[in-house]
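> Got a sequence here, can you build the structure:
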Amino acid sequence: MILYSARGVATLWEPQSLPAPDALSGLLGATRAGLLIQLGTPSSSTELAARLGVTTTAVNQHLRALRTGGLLVSARHGRAVLYRRSDLGDLLAGVG
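Sure thing, here's the model as predicted:
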């Protein structure tokens with residue numbers, strides 16, 4: 001039996017870029033706009049930090065600002081806090 005690993009598996013641990021529409025980036029800044037786009041599915045700050053290659057502290061600061069602005073909601077799931085876009089965040093991201 002010959003097994004081949006999936007193509008691109010080594011890139012799983014590389015930091016991802018934060019694609020966001022230019023207008024949204026101009027309004028919120030590139031990092032916050034990118035986080036807002038990423039949070040279509042619930043994620044923890046630790047997951048986001050690992051995915052983006054930044055510190056958890058930096059991600060938490062951005063998440064706190066987005067949540068204060070009503071663009072995110074958070075909920076505790078076991079020992080983790082998961083963040084996702086609110087209805088307002090969906091509208092601003094252009095998916096609602």
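
> where does this protein dip in pLDDT?
Along the chain, the parts satisfying pLDDT under 70 run over 3-20, 96.

> let's see 90
For the chain, the stretches with pLDDT under 90 are 1-34, 37-38, 40, 49-54, 77, 92-96.

> Just the helices from it, written as ranges.
For the chain, the helices defined by DSSP state H occupy 22-28, 30-38, 45-52, 56-68, 87-93.

> Now do the nearest residue to Val81 once chain neighbours are set aside: how many residues are near it, please.
Nearest residue to Val81, sequence neighbours excluded (C-beta to C-beta, 6 or more residues apart in numbering): Ser74, at 5.3 Å. From N, CA and C alone the C-beta is placed, and that goes for glycine too. Applying other C-beta atoms under 10 Å, we find 16 residues neighbouring Ser74.

> which residues touch Ser74?
Leu63, Arg67, Val81, Leu82, Tyr83, Arg84 (C-beta atoms under 8 Å, 6 or more residues apart in numbering).
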